[in-house]
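Colleague: Pasting a predicted model and its sequence here:
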Amino acid sequence: MCGINGIYSFNPESLSRDVIVGMNQASAHRGPDANGVVEDTHIQVGHCRLSIIDPGSGSDQPFRSADGRYTLTYNGEIYNYREIKKQLGEFTFRTDGDTEVVLCSFIKWGDSCLDRFQGMFAFAVWDHLKMELFVARDRMGIKPLYYSLTDERFIFSSSLRAILSTGLVPKKLSCDGLIDYLRYQTVHAPETIIEGIKMLMPGTCIRISESDGAVFRTWWSTVQHKMQVPSDYRKICDEVRSRLTESVKRRLVADVPFGAFLSGGVDSSVIVALMSQIQERKAETFSVVFKEEAFSEVEFSRLIAKKYQTNHHEIELSADEFKESIPEALSFVDHPSGDGPNTYVVSKKTRQAGVKMALSGLGGDELFCGYPVFGQMTALQSKKWLLSFPDFLRHPAGGIYHRIRRNIESAKISAVLHQPSYDLQFIYPFSRQVLMDDQITKIVRTKDLPVNSVFEICKKLIGYKTEGWRFPLQSRISLCEMHTYMQNVLLRDADQMSMACGLEVRVPFLDHELVEFVLAVEDRHKINGRPKKLLIDACSDLIPPEIYNRKKMGFILPYQHWMKNELAEFCKTRLDELNAIPDIVPGSLDTLWNQFLSGNKRLSWSRIWPLVVLGNWMKQTGVNG
């Protein structure tokens, strides 16, 4: 796991070594073990290394082919690199890791090598002979890749801050990005919070040359085909178990100490159980244990640790200790989002215990229907009869209901009643919306808000007669969750917070072969009286009933109290940073803050906290409106 950087210039004379060195310095926390730079006509390539496989200096990057024609900078892990290596018998390998396998695969198969890779990655290959740059990102968007493309140059990096460090892209907030952030506590790819910087989409690659410019291609998509699954439910469960076991097994390849996060929930418990069955030595497991009983899941994590005799590490924290770590965590935010400190604390403590890689249960809820949104969207789909009422009845009814209740739920119900259809693409966007549009129009100067980005994603993904439209309803909800919240909040935060601590996080539930299979399974096998039915039935012998029958807790802390008390000054000064930008209506955030302090039911802490994070990030990066 590493940080990759590069600048391709259509005017070679404009390149300066200081710029690529500065990008490496801005990415240094992503790769503390080694760094390097390679320069050529048109190109500068940089790399910061966190060594996990073949940690010797021979695998340091940028990595050059034996004949000097190709240069690779690569972030990620290819779990099946040993199998691929056997197919590359014509090459004489100088190292034992996956870096050289990635480069030799590209040399032999070109961009079709991507189809052979099982893993998480973002990489770039420079061909000195053709003077051509090739850049690619993994299927599920686990590893980030930011870029800026103009007529003069193409800049890419694992880090948005590294691109800003070049001084070649103005530090200007995107107006549409700001509105997306206000709606969803993040900015959805391919856009970012900065005007002129984008994210390469998952499963996408680019070729760049002086003659052809930049040519983009989607090489994999979650909806490109619908897999055939057995009709017998027991066989479906067996297949899920087999694919998940194989996924965990692949992710245990490492040449450094590793472990697993263990919260005591279904997802992490299943991962630890399979990990313990696969490897001979005891698994190293890590749990955050809160001294306050209300936040602690200690009894459940201990239950799994005892069952599988893991070397269990309990990271004991008080809520106050966690609170004190928040400013430090926010200092490592690369692209702002409303979450992150939780992952930072777990990653930091895990790394301090001597572990450089950990397995995570991230993705289990999205794939196996673990969130309430799955039940909520299903219930709304069954109420399409409401559309038989004319608009002049539905719209006022929603407004009246909201005026009576005056809370977040009533605001969303009112918005749903104003939709032209109850198809998923119209109603799903409200499920994770943080600030509603009527609130946003009071904050930003423009009254003509851009089209909702989540609606656009869902429309292209699962809209009528699209490839995704052919999938069962629960799978369509999974697709929406994975392409919005998971990719743009959870995976982004997991990457930037774990890498800030020098820890690599691997996510077995996002193995593409497992994802493809589960998405093809019918609804009746996934959600029938309880969440994660399919996963639990496939793995019920691995985990005690106490684990899968308990109420889902999540990682909940008293932010509401902190923000009104101990963190109040911190929050207010960060909001003042936003107040200063031209796109914000003067005084609007003061009004929002005062409404929060007074207990307005539409303004829980989770509606205000993303604004605090954004203000803090702008202060640190020097970004202005």
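Modeller: Received the coordinates, thanks.

Colleague: residue ranges with poor pLDDT in the stretch 501-625 of the chain?
Modeller: 552-556 (pLDDT under 70).

Colleague: change it to 80
Modeller: Scanning the stretch 501-625 of the chain for pLDDT under 80 picks out the ranges 528-530, 550-557, 625.

Colleague: Do a quick rundown of the helices in it.
Modeller: With helices called from DSSP state H, counting those that start in this stretch, the stretch 501-625 of the chain shows them at 512-519, 533-539, 545-548, 559-564, 568-579, 588-597, 605-621.

Colleague: Looking at the ones you listed, spot the one closest to residue 38.
Modeller: helix 605-621 (27.4 Å; Cβ to Cβ). No exception for glycine: its C-beta is placed from N, CA and C like everyone else's.

Colleague: list the buried ones in that closest one?
Modeller: 605, 607-618, 621 (16 or more other Cβ atoms under 10 Å).

Colleague: do stretch 303-310 as well
Modeller: Taking 16+ other Cβ under 10 Å as the criterion, stretch 303-310 shows 303-305, 307-308, 310 as buried.

Colleague: export those to TSV and tack on distance to residue 88?
Modeller: As requested, those are arranged in TSV below (distance: Cβ to Cβ, whole Å):
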residue	distance to residue 88
303	45
304	40
305	41
307	42
308	37
310	37
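
Colleague: nearest to residue 465, of the residues you listed?
Modeller: residue 304 (44.8 Å).

Colleague: Point to the residue nearest the middle of the chain.
Modeller: With distances taken as Cα atoms, centre = their mean, residue 491 lies nearest the centre of the chain, 1.7 Å away.

Colleague: My read is that that residue contacts residue 137, right?
Modeller: No. Residue 491 lies out of contact with residue 137 (Cβ atoms under 8 Å); the separation is 11.7 Å.

Colleague: how far away is the closest residue to residue 487 other than its chain neighbours from residue 219?
Modeller: Closest residue in space to residue 487, ignoring its immediate chain neighbours: residue 141 at 4.4 Å, by Cβ to Cβ, 6 or more residues apart in numbering. According to Cβ to Cβ, to the nearest Å, residue 141 and residue 219 sit 13 Å apart.

Colleague: just residue 356 next, same as before
Modeller: 30 Å.

Colleague: pLDDT averaged over stretch 80-90 - what is it?
Modeller: On average, the pLDDT along stretch 80-90 is 96.

Colleague: Domains in this structure, by residue range?
Modeller: 2-218, 233-369+482-548, 372-479, 559-621 (automatic domain parsing).

Colleague: Compare the ones you listed and say which comes out lowest on pLDDT.
Modeller: domain 372-479 (a mean of 78).

Colleague: Quick one: end-to-end length of that domain, please.
Modeller: Taking Cα to Cα, to the nearest Å, the first and last residues of domain 372-479 lie 15 Å apart.

Colleague: Quick check: nearest residue in space to residue 102, chain neighbours excluded?
Modeller: Counting by Cβ to Cβ, 6+ apart, the residue nearest residue 102 is residue 74, at 5.5 Å.

Colleague: Does anything pack onto the helix or strand containing that neighbour? Which helices or strands?
Modeller: Assigned by DSSP states H and E, residue 74 belongs to strand 70-78. Strand 70-78 sits against strand 2-9, strand 43-49, strand 63-64, helix 98-109, strand 119-127, with contacts defined as 3 or more Cβ pairs under 8 Å, 6 or more residues apart in numbering; DSSP states H and E.

Colleague: Can I get these in a markdown table including mean neighbour count?
Modeller: Formatted as a markdown table, these follow (neighbours: other Cβ atoms under 10 Å):
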| stretch | mean neighbour count |
| --- | --- |
| strand 2-9 | 27 |
| strand 43-49 | 27 |
| strand 63-64 | 20 |
| helix 98-109 | 22 |
| strand 119-127 | 24 |
